[in-house]
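Participant: Sequence unavailable; structure follows:
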């Protein structure tokens, strides 16, 4: 019986020690190149049926552009009919709000900007 109790106590202590990991998950922060199209797109904000105009952006290596609100890159002011190459800080939150945006972006460097005419 004592051997059984010792085994159970040892198992419980082991579980407690393993589950008390001191490392806390942190937000993932990385520097990426991002391309902003001269064309705009639309998206439907959460809870709305009305389309809203937005920027079209893609990360370096991506094949297709995706929608991002005009204010979606902190410190960056979009000008219609201009194409941009940016270096941005991308922050992916470990525990994002349920109704919040995905990754957060802030501009570090504007590598290029030029007007595109139709």
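Facilitator: That came through, no problem. Computed from a prediction, not measured in an experiment: that's the story for all the values here.

Participant: Distance from the chain centre to the helix or strand where residue 42 lies, please.
Facilitator: Using DSSP states H and E, residue 42 sits within strand 28-43. Distance, stretch centre to chain centre, for strand 28-43: 11 Å (CA atoms, centre = their mean, to the nearest Å).

Participant: swap in stretch 85-97?
Facilitator: Using CA atoms, centre = their mean, the offset of stretch 85-97 from its chain centre is 4 Å.

Participant: ok so, going back, list the buried residues in the strand holding residue 42.
Facilitator: 34, 35, 36, 38, 41 (16 or more other CB atoms under 10 Å). In short, each C-beta sits where N, CA and C put it, glycine included.

Participant: who touches the first one in this structure?
Facilitator: Contact partners of residue 34, counting by CB atoms under 8 Å, 6 or more residues apart in numbering, are 57, 58, 59, 60, 73, 85, 86, 87, 88, 105.
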